[in-house]
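# What follows is a protein structure lacking sequence information:
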């Protein structure tokens with residue numbers, strides 16, 4: 001499935017934002033979604049400017065996350 005068809009963004013009747021990508025749906029409050037979107041924008045800009053997926057210490061706040 002092309003990426004443009006996998007991504008869906010909806011506002012529910014309960015005022016939560018539902019971001020669906022493929023078979024995964026994330027549910028956000030407005031403030032949570034805005035913070036998430038800002039971080040994704042920062043990460044996209046970093047990847048675009050650096051030409052790859054090198055780890056950027058300033059973009060990682062979780063510290064002890066594991067990649068699968």
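Everything's here; your move. All of these numbers come straight from a predicted model, not from anything done at the bench.
# show me where pLDDT drops low in the chain?
For the chain, applying pLDDT under 70 flags the ranges 1-4, 51-68.
# Helices of that one, start to end?
With helices called from DSSP state H, the chain shows them at 3-6, 30-50.
# can you list the ones you listed in JSON lines and add mean neighbour count?
(Glycine included, C-beta is placed from N, CA and C.) Listed next are those as JSON lines, based on neighbours: other Cβ atoms under 10 Å:
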{"stretch": "helix 3-6", "mean neighbour count": "8"}
{"stretch": "helix 30-50", "mean neighbour count": "12"}
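# Quick check: which of these is nearest to residue 24?
In this view, the helices of the chain are compared for proximity to residue 24 by Cβ to Cβ, and helix 3-6 is the closest at 9.5 Å.
# hang on, the earlier thing: to residue 14, which of the helices of the chain lies closest?
helix 30-50 (11.6 Å).
# Check which helices and strands that closest one sits against.
Contact partners of helix 30-50 among helices and strands, from 3 or more Cβ pairs under 8 Å, 6 or more residues apart in numbering; DSSP states H and E: strand 17-21.
# Cool, thanks, talk later.
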